[in-house]
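> Need the 3D shape of this:
(one chain, ligands or ions: 1)
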Amino acid sequence: MGAWLEETAAARAEAGLRRTLRPREVGDPVVDLASNDYLGLARDPRVVGAGAAALRAWGAGSTGSRLVTGSTRLHHELEDALADFTGSPAALVFSSGYTANLGAVTALTGRGALVVSDVAAHASLVDAARLSRARVEVARATDPETVDRVLAAREETRAVVVVDGVDSVDGGVAPLAELHAVCRARGAVLLVDDAHGLGVRGDGGRGTLAEAGLAGAPDVVLTATLSKSLGSQGGVVLADRAVVEHLVDTARPFIFDTGLAPAAAGAALAALEIVRAEPERVAALHTAAATVAASARAAAPGIDVPAPTAAMVPVVLGDPAVAVAAAAACAEHGLRAGCFRPPSVPPGTSRLRLTARADLTADELALVDQVLHKVLGAALAR
Ligand code: PMP
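Numbers count the residues shown, from 1 in each chain. The predicted model follows:
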């Protein structure tokens, strides 16, 4: 590789952007506000048990592409359950949310089409747009007027507008009803990545599309990950049956990828059943998020900590080194906090991202309060 590798690493170090992998240990005595296990289901014995049963019944891997040997009965049951829960006509499970986005965007666009991609769209949507060979217009796609202007000015017949239902960094909810009205009037498809909305927003966690009254709308495509509120792994595209059939025939990240591991499918299916049976988990998540936000606000009165709309509570500290130091100080006190720096967030907005969970106990929330008071005061004094 030559000097290039060292030089780029040094430049990242200089900018405070080196990253470290820190393995978790079983039974780590930390309060975890960094994971995406929003409903506390990843370690739920029923979810783990269903995953283990699937592992025993079907083996460690799915053994092939979904089109060859990689579709088990479990995958189909999971698709039916996800479609039913979200109110979508049909579903297609992928090996991750990342590949679900790659598959949906590339298969529905291509040369001669337009992708209107939100400035804050998740990296998987950005990469999907790049891979699609469509013309890509990066715009404030959560703003209906902007979307209307971009769609009106286009020459392409086919257009797909891609947005996150819930912003992955600050939890903002996209105005989907308004966006859909614009897309429909302009003959475009609205693709909503609900990675952070499924299990979190809408009645019983049915997601942002259901919340906007758009479940099952024919010109809407929903994507989601099974790795956050469902505590498992995998991704899904929910849409009209014709769209799903199109993906089965043409989506390269579906066709050329090994199907989701049966254990992950079984675990996700069990988790979905729990979300359905125990909607109080969704309410508990929102209560916990409000409590964490109140602690952060009290600990750092100078920082604007908005009322949470989803699981995440952003605490913007500005400088990446300050954010890294604050996260490290939290860890020393037994609190694992997410730390977001560029390119995940714009320069100057490095932050702690505290993620609430439905299963946080009163003792854990008290510890969060104590640690934030210790750490944020010191971080702001720097
Ligand atoms: N979309 C969004 C908005 C996400 O936050 C993520 C996960 N970080 C993904 C897609 C990708 O999902 P997965 O982790 O299942 O690949």
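
> list the contacts for the closest residue to the ligand within the stretch 1-150 of the chain?
Closest contact between the stretch 1-150 of the chain and the ligand, by C-beta to the nearest ligand atom, is at residue 97 (2.4 Å). All C-beta spots, glycine's among them, are computed from the backbone N, C-alpha and C. If you count contacts by C-beta atoms under 8 Å, 6 or more residues apart in numbering, residue 97 has them with 124, 193, 195, 223-227, 234-236.

> and if you look at residue 291?
Counting by C-beta under 8 Å, 6+ apart, residue 291 makes contact with 356, 365.

> Regarding it, what is its secondary structure?
Following DSSP: H, G, I helix; E, B strand; the rest coil, we place residue 291 in the helix state.

> List the buried residues in the helix or strand encompassing residue 53.
Assigned by DSSP states H and E, residue 53 belongs to helix 45-58. Within helix 45-58, the residues that count as buried by 16 or more other C-beta atoms under 10 Å are 47-48, 50-51, 53-55, 58.

> near the ligand at all, the helix or strand that comes right after it?
Counting by DSSP H and E, the element after helix 45-58 in chain order, helix or strand, is helix 73-86. No: for helix 73-86 and the ligand, the contact criterion (C-beta under 6 Å from any ligand atom) is not met; the two come no nearer than 13.6 Å.

> Which stretches in the stretch 101-250 of the chain count as strands?
Taking DSSP state E, counting those that start in this stretch as the criterion, the stretch 101-250 of the chain carries its strands at 114-118, 135-139, 159-164, 189-193, 220-225, 235-239.

> ok, back up a step: what helices and strands are in contact with the helix holding residue 53?
Counting by 3 or more C-beta pairs under 8 Å, 6 or more residues apart in numbering; DSSP states H and E, the packing neighbours recorded for helix 45-58 are helix 262-277.

> bridging residues for residue 65?
Note on residue 65: beta-bridge partners by DSSP bridges are residue 258.

> contacting residues around it?
The neighbours of residue 65, taking C-beta under 8 Å, 6+ apart as the test, are 255-259.

> Most neighbours among the residues you listed, please name it.
Using other C-beta atoms under 10 Å as the neighbour criterion, residue 259 leads these with 25 neighbours.

> Would you mind confirming that it is in contact with residue 70?
Yes: using C-beta atoms under 8 Å as the test, residue 259 is close enough to residue 70 to be in contact (2.5 Å).

> how about the residues of the stretch 151-300 of the chain near the ligand?
For the stretch 151-300 of the chain, the residues in contact with the ligand (C-beta under 6 Å from any ligand atom) are 164, 168, 193, 195-196, 225, 227, 235.

> Just among those, which is most surrounded?
Within these, residue 193 tops the neighbour count with 32 neighbours, counted by other C-beta under 10 Å.

> Surely that residue touches residue 164?
Yes: using C-beta under 8 Å, residue 193 is in contact with residue 164, at 4.9 Å.

> Identify the contacts common to these two.
By C-beta under 8 Å, 6+ apart, the residues touching both residue 193 and residue 164 are 121-122, 125.

> Can you narrow these down to the ones near the ligand?
Here is what survives when these are matched to the ligand using C-beta under 6 Å from any ligand atom: residue 122.

> Noted, bye for now.
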